[in-house]
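Trainee: need a structure here:
(chains A and B)
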Amino acid sequence: DAKTTQPPSMDCAEGRAANLPCNHSTISGNEYVYWYRQIHSQGPQYIIHGLKNNETNEMASLIITEDRKSSTLILPHATLRDTAVYYCIVRVSNNNNDMRFGAGTRLTVKP
Amino acid sequence: GAVVSQHPSWVICKSGTSVKIECRSLDFQATTMFWYRQFPKQSLMLMATSNEGSKATYEQGVEKDKFLINHASLTLSTLTVTSAHPEDSSFYICSARDYGTGNEKLFFGSGTQLSVL
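Mentor: Predicted coordinates for the structure are as follows:
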């Protein structure tokens, strides 16, 4: 699986959009970009994933650059409950393998 | 979405005792489950892959005789920490994938905080 690079921490004001970047310059053609988050003392929660097109669901939007070497997770209106560690993971879909977690980005939403 | 239930949420035990953690897929069948360990302020580290009806596959550096994994059914995997020591104190998390729907997502349990005195 391709390696990802994320900033260790970010702050965001409550009600504003949180934009979390992820670099994955060695991504291969059949690898998807997944985003999970982990709120303190809980298991990771799936947010969104995509291959090359931008994706949106009830939680967030995922913007993938045309060359697929980086992506951005957007939380459109961050709340205090969005404070968590956000993990960007690149992996081949529909295989038997686990998720390999990097250090992630610790997002702190401030009032 | 699919639900993975993990029990207990937390456990405190004496050094030398064994602790069993259960991971259940509540509304889907999971031929493969994964066990992770997480130390404070660190990321999740894969310990082993649990395969229904066969032996688990352990990551390098994880003692298979200390962390016993049993995956006897399509909805249940257990992790037993044998002869626990204080250095085994950690947050243990399981995950599973819902193959039935071709779902690419992994679903995670809520985790078990183990404290060994």
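
Trainee: so what's residue A:72 up against?
Mentor: Shown in contact with residue A:72 (Cβ atoms under 8 Å, 6 or more residues apart in numbering or on different chains): A:19, A:20, A:21, A:22, A:62, A:63. Where you see a C-beta, it was placed from the backbone N, CA and C, and this is true even at glycine.

Trainee: so which of these is the most crowded?
Mentor: The member of the contacts of residue A:72 that has the most neighbours, counting by other Cβ atoms under 10 Å in any protein chain shown, is residue A:22 with 25 neighbours.

Trainee: picking that back up, now, which of the contacts of residue A:72 sits nearest chain B?
Mentor: Among the contacts of residue A:72, residue A:62 lies closest to chain B (Cβ to the nearest Cβ), at 13.6 Å.

Trainee: List the contacts of the closest one.
Mentor: Taking Cβ under 8 Å, 6+ apart as the test, what residue A:62 contacts is A:33, A:35, A:48, A:49, A:50, A:54, A:55, A:56, A:71, A:72, A:73, A:74.

Trainee: What residues are bridge-paired with the first one?
Mentor: Judged by DSSP bridges, the bridge partners of residue A:33 are residue A:50, residue A:90.

Trainee: Just give me the neighbour total for it.
Mentor: 25.

Trainee: so what's it up against?
Mentor: A:22, A:24, A:27, A:49-51, A:62, A:64, A:68, A:71, A:88-90.

Trainee: Mind checking which of these are buried?
Mentor: Buried residues within the contacts of residue A:33, counting neighbours by 16 or more other Cβ atoms under 10 Å in any protein chain shown: A:22, A:24, A:27, A:49, A:50, A:62, A:64, A:68, A:71, A:88, A:89, A:90.

Trainee: May I see the residues you listed arranged in CSV, with pLDDT and distance to residue B:20 as well?
Mentor: Formatted as CSV, the buried ones among the contacts of residue A:33 follow (pLDDT from 0 to 100; distance: Cβ to Cβ, whole Å):
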residue, pLDDT, distance to residue B:20
A:22, 97, 37
A:24, 95, 38
A:27, 93, 39
A:49, 91, 33
A:50, 92, 38
A:62, 98, 38
A:64, 97, 42
A:68, 96, 43
A:71, 97, 39
A:88, 96, 33
A:89, 94, 29
A:90, 91, 34
